[in-house]
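> I need the structure of the sequence given here:
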Amino acid sequence: MTLPDGYYSKNDRKVCKLVKSLYGLKQAPRKWNEKLTDVLVGVGFVQSQCDHSLYILNKDYVFIALLVYVDDIVITGNNVTEIGRIKGLLSKSFQIKDLGVLKYFLGLEVVYDKSGICLNQRKYCLDLLSKFGYLGCKPVNTSIELSHVVNNKISGEQKDLVDITSYQKLIGKLTYLSLTRPDICYAVQFLSQYMHKPCVSHLKVALRLLRYLKLCPGKGLSFKKGDNFELTCFADLDWGKCLNTRKSITGYCVFLGHDLISWKSKKQSTVSRSSGEAEYRAMCSATCELVWVVNLLSELGVNCKVPIRLYCDSSAAISIAANPVFHERTKHFELDLYFLR
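Purely as a prediction, here's the structure:
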């Protein structure tokens, strides 16, 4: 921080001591989070160990959950009077503005109906299309072309992209859009691998993804009311999908009842020598996510039914799991196998 001219003489050796952390300094986010945490804990909230931005108040048949993103807060619960009291206590420590019922939050739109709610990013998607000039483009039916077509295009157009910043901004916006669009998760994962050195062919694949978004910009996730708290997970992989590194692609999705709550498409960190090994690595990634989801739901007071069903379609993985005897060819992934068991 540089003091203005005339505030002190050049020969003066004194320094300024900050009374409070100024907005924009490196330590400002940490100080803000410490202050907010102290106030919420003093009110009676407990900070979640699975998600440190989640605060839970659960006592005397009163349940309130408070979710924080920097200085934006979403609060919900089963007692309207208690929620109002919490807002009043927060207003004494901070200058807050009550925006009413949640309808729009950080690009997420919440649509209510009798059966439940729907989360989408329609406005965010339309703004993205408008920014890149694709608001009036002709839509396509798939987010990415067949793998062999994409590989041929990328191998044929290896000219480096001149404007890397625009490509990085586009992929960053698409990554945020995938919060409510599982259908573009794989395409975004594929494009994000070339953030530092993209080619012209990668930009064309990304722009084709914008044409797919034009097909239905309001598509999102639906969460319906119900008393089914059974977790179900589906895990799969594409063995040796990446032609440059021959690493496999892991994919899984987790359902709570009939509602999709978590999903991922990610390239594995190691090269698998067999499809069974790669399948076990994918299932272990899904298992880690299931452990986190179960712990988070237990903090929210939701008891999930156990055991949890984890589905896979690999006969090799099922055969190895059924056989308790290890062999020499399975030694290199015994840790994943033990963890999964």
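
> from here on, contacts and neighbour counts on C-alpha atoms
OK.

> what is the helix or strand residue 233 falls within packed up against?
Assigned by DSSP states H and E, residue 233 belongs to strand 231-238. Judged by 3 or more C-alpha pairs under 8 Å, 6 or more residues apart in numbering; DSSP states H and E, strand 231-238 is in contact with strand 249-256, helix 275-299, strand 309-311.

> these: which one's closest to residue 333?
With C-alpha to C-alpha as the criterion, residue 333 lies closest to helix 275-299 of the helices and strands packed on strand 231-238, at 6.6 Å.

> now that closest one: buried residues?
275-287, 289-290, 293-296, 299 (16 or more other C-alpha atoms under 10 Å).

> that one to strand 249-256, inter-axis angle?
Relative orientation of helix 275-299 and strand 249-256, computed by axes from the mean of the first three to the mean of the last three C-alpha atoms, to 10 degrees: 30 degrees.

> quick check: the gap between residue 312 and residue 183.
The gap separating residue 312 from residue 183 is 20 Å, by C-alpha to C-alpha, to the nearest Å.

> try residue 58
Applying C-alpha to C-alpha, the value for residue 58 to residue 183 is 36 Å.

> quick one: end-to-end length of stretch 39-56, please.
Using C-alpha to C-alpha, the end-to-end distance of stretch 39-56 comes out at 13 Å.

> quick one, domains of this protein?
28-100, 119-215, 226-340 (automatic domain parsing).

> ok, the closest residue in space to residue 231 that isn't next to it in sequence - contacts?
Counting by C-alpha to C-alpha, 6 or more residues apart in numbering, residue 231 lies nearest to residue 256, which is 4.7 Å off, once chain neighbours are set aside. For residue 256, the contacting residues are 228, 229, 230, 231, 232, by C-alpha atoms under 8 Å, 6 or more residues apart in numbering.

> pLDDT score assigned to residue 256?
Confidence at residue 256, expressed as pLDDT, is 92.

> check residue 281 too.
For residue 281, pLDDT reads 88.

> residues contacting the closest residue in space to it that isn't next to it in sequence?
Of all residues not flanking residue 281 in the chain, residue 336 sits nearest, at 6.4 Å (C-alpha to C-alpha, 6+ apart). By C-alpha under 8 Å, 6+ apart, the contact set of residue 336 is 280, 281, 284.

> count of residues packed around residue 42?
Residues near residue 42, counting by other C-alpha atoms under 10 Å, number 10.

> CA atoms only: put stretch 74-85 into PDB for me.
The C-alpha coordinates for stretch 74-85 follow below in PDB (Å, rounded to 0.1, in the frame of the first residue of the first chain):
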ATOM      1  CA  VAL A  74     -28.100 -18.700   1.600                       C
ATOM      2  CA  ILE A  75     -30.000 -19.600   4.700                       C
ATOM      3  CA  THR A  76     -32.800 -22.200   5.000                       C
ATOM      4  CA  GLY A  77     -34.500 -24.200   7.700                       C
ATOM      5  CA  ASN A  78     -37.700 -25.600   9.100                       C
ATOM      6  CA  ASN A  79     -38.500 -22.600  11.400                       C
ATOM      7  CA  VAL A  80     -39.300 -19.200   9.800                       C
ATOM      8  CA  THR A  81     -39.300 -17.400  13.200                       C
ATOM      9  CA  GLU A  82     -35.800 -18.800  14.000                       C
ATOM     10  CA  ILE A  83     -34.500 -17.800  10.600                       C
ATOM     11  CA  GLY A  84     -35.700 -14.300  11.200                       C
ATOM     12  CA  ARG A  85     -34.000 -14.200  14.500                       C
END
